[in-house]
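Asks: Pasting the sequence and the predicted coordinates here, then a few questions.
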Amino acid sequence: MAAFQRRVAFLMLTYNQAALVRESAEAVLAQQCEPLDVIFSDDGSSDNTFEVLQSVVRGYTGPHNVCVRRNQNNLGIGEHVNKLIALCPADFYIASAGDDISMPDRAKALIQAWDDSGQKIDLISSHCIQMSFDGRPGDVIKTDILDGLRAIEWMTRRPYVVGATHAFTRRLHLKFGPFARDIVGEDQIMVFRALCSGGAITLDRAYVYYRDGGVSRKPERMSSAQHRSWSLKRARSEVAEMIQVMKDARVAGLDVEARRILSGKLESAHFLSEILAECRLIPMWRIARRFPGVPLLWRCKKALSVRFYAQYHTIDRFNRMRKAWVLEMRGLKPPESI
C-alpha cells in the first residue's frame, strides 16, 4: 500500500457485516473515476468481517490505493470517523457503510459536483434505493434537498438525510474539530456543520443501494425489554448530538440562535434519557421534577409510558399494525414511521 496522497478518499466503515461486506467492498473498488485512496476500516467486529475484507483486496491491481485496517476495540461511529480522517489527509471524503452498495458512477458524480462548485461546497448528499436485507432492490428513497438550506432552518426542522449517501470536506473537521466520543449518528451533525460553512447540496439521483436491517437501523422485531434498551440508546445519542451541535454553533457564531431554538429540545432529550434509565416510581418522580422547562403533560406521559413500558409497548405496536392494515386495505402504502 502506498502512502495516502490522493485528493479524494473513499471511507467504508464496517462492523459485524461479514455476510454482506464483500459485495459492498467490491462496489467501492469498482468505482469508475479518478484514482482514490480507499480505506476499508473494521470497528472491532466479533465476526470475520476483517478477514473477508482482506480476501477482497488480495490480488487487487486496479487504479485505487487500498488499505484494510481494523480497530482493536469497538469505537463507535463518531470516534471511528475521527480516526480515519486523522489517518488519511484527503481534501474530500466519500462515506459508505459495510452493508450498502455504491453504484459504479457514485464517486465520479460526487467529485464532479464538488469540482463544479469550485470545491466550495462542504457536503454533498443524494437519494438512495431501498434494498432488502437479502439484496432485493425496492423504491427510491428521496432525501430532502439541501441546496440553499440555512443553519437556522436546520435548527428549526432537521431535513431528512441518509448518511450513507454523504460526501464531505476535510475543512469541516479542521474547523469544528473531532466528534465527541459518544456520538452515534454523525449524519445530521455533518449537515449542520456544512450549512454553517460552505453549504450543502443534494444530487437529484440515487447513487446508493441502502440496505434494510443495517447495524445502525432500528430492528423490526423487538421485545419490550429490547425496545426500551434501544430507546435509551437513542435518547442518549440524541443528548450527545444536541450537545455537539450547541458546541458547533458557538464555533460558527450562532450560539445565541442555538440556545434560543435548541435549549428546550436538549432539556427534553436529557429528561427522556434519564427517565428511560429508571423504572422505580419515586426516583422517576424526582427526575420529572428536575426538568420544569419540559411541558408537564409530556413529562407525565413519558413517565407513565416508561413505568408501564411492557403494556405501553404492546398497545403501541398493536395500534401501528392496525393503522398499517387499514392503509393497506385502502390501497395506500403505510409510511415508514408505522
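Replies: Here it is on my side, so go on.
Asks: Could you use CA atoms for every contact and neighbour count after this?
Replies: Will do.
Asks: Please name the nearest non-neighbouring residue to A200.
Replies: Excluding its sequence neighbours, the residue lying closest to A200 (Cα to Cα, 6 or more residues apart in numbering) is L123, at 4.7 Å.
Asks: Okay, and the beta partners of the one you found?
Replies: Note on L123: beta-bridge partners F168, A200, judged by DSSP bridges.
Asks: thought it was touching F192?
Replies: No. The pair L123 / F192 is not scored as a contact, 9.7 Å apart, by Cα atoms under 8 Å.
Asks: Quick check: phi and psi at P63.
Replies: phi -80, psi -20 (degrees, to the nearest 10).
Asks: next one: G62
Replies: Dihedral pair for G62: phi -80, psi -170, per degrees, to the nearest 10.
Asks: Count the residues that sit near it.
Replies: By other Cα atoms under 10 Å, 10 other residues sit near G62.
Asks: Apart from its neighbours in sequence, what residue is nearest it?
Replies: Spatial nearest neighbour of G62, excluding adjacent residues (Cα to Cα, 6+ apart): L29 at 7.7 Å.
Asks: surely that neighbour meets N65?
Replies: No. At 9.6 Å, L29 does not count as touching N65 under the criterion of Cα under 8 Å.
Asks: quick one: common contacting residues for the two?
Replies: V38 (Cα atoms under 8 Å, 6 or more residues apart in numbering).
Asks: Span of stretch 95-104 from start to end?
Replies: Length of stretch 95-104, first residue to last, Cα to Cα, to the nearest Å: 14 Å.
Asks: Check the average confidence over it, would you?
Replies: Across stretch 95-104, the average pLDDT comes to 95.
Asks: So what touches that stretch?
Replies: Defining contact as Cα under 8 Å, 6+ apart, one finds that stretch 95-104 is touched by 10-15, 17, 20-21, 23-25, 27-28, 30-32, 163-167, 207-211, 214.
Asks: out of the residues you listed, which are buried?
Replies: Neighbour counting by 16 or more other Cα atoms under 10 Å classes 10-15, 17, 20-21, 24-25, 27-28, 31, 163-167, 207-211, 214 among those as buried.
Asks: Where strands are concerned, which of the residues you listed count?
Replies: Counted as lying in strands by DSSP state E, out of the buried ones among the contacts of stretch 95-104, are 10-14, 167, 207-211.
Asks: Secondary structure element for the residue lying closest to E34 once chain neighbours are set aside, which one?
Replies: Spatial nearest neighbour of E34, chain neighbours left out: K108 (7.5 Å); criterion: Cα to Cα, 6+ apart. Assigned by DSSP states H and E, K108 belongs to helix 106-116.
Asks: Just the CA trace of that helix, in CSV.
Replies: This file holds the C-alpha atoms of helix 106-116, laid out as CSV (Å, rounded to 0.1, in the frame of the first residue of the first chain):
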residue,chain,number,x,y,z
ARG,A,106,-21.2,7.4,-7.5
ALA,A,107,-17.7,8.7,-6.7
LYS,A,108,-17.4,10.3,-10.2
ALA,A,109,-20.7,12.2,-9.8
LEU,A,110,-19.8,13.4,-6.3
ILE,A,111,-16.4,14.6,-7.3
GLN,A,112,-17.8,16.3,-10.4
ALA,A,113,-20.4,18.2,-8.3
TRP,A,114,-17.7,19.3,-5.8
ASP,A,115,-15.4,20.5,-8.6
ASP,A,116,-18.3,22.3,-10.3
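Asks: for that helix, which positions count as buried?
Replies: 106-107, 109-111, 113-114.
Asks: In TSV, list those along with distance to G98.
Replies: Below are the buried residues of helix 106-116 laid out as TSV (distance: Cα to Cα, whole Å):
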residue	distance to G98
R106	16
A107	16
A109	21
L110	19
I111	21
A113	24
W114	24
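Asks: and of those residues, the nearest to A151?
Replies: W114 (20.0 Å; Cα to Cα).
Asks: Distance from stretch 256-269 to the middle of the chain?
Replies: Relative to the chain's own centre, stretch 256-269 is displaced by 21 Å; criterion: Cα atoms, centre = their mean, to the nearest Å.
Asks: Which residue ranges of the chain form strands?
Replies: 8-14, 37-42, 65-70, 92-97, 101-102, 123-131, 137-141, 167-169, 200-211.
Asks: Pull the longest one out as CSV, backbone CA atoms only.
Replies: What follows is the C-alpha trace of strand 200-211 in CSV, where atoms were taken according to Å, rounded to 0.1, in the frame of the first residue of the first chain:
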residue,chain,number,x,y,z
ALA,A,200,-24.6,21.6,1.2
ILE,A,201,-26.3,20.3,-1.9
THR,A,202,-28.3,17.2,-2.9
LEU,A,203,-27.8,15.4,-6.2
ASP,A,204,-31.2,14.6,-7.6
ARG,A,205,-30.4,10.9,-8.3
ALA,A,206,-29.9,7.7,-6.3
TYR,A,207,-26.3,6.5,-6.1
VAL,A,208,-26.5,4.1,-3.2
TYR,A,209,-28.5,0.9,-2.5
TYR,A,210,-29.4,1.4,1.2
ARG,A,211,-29.9,-2.0,2.9
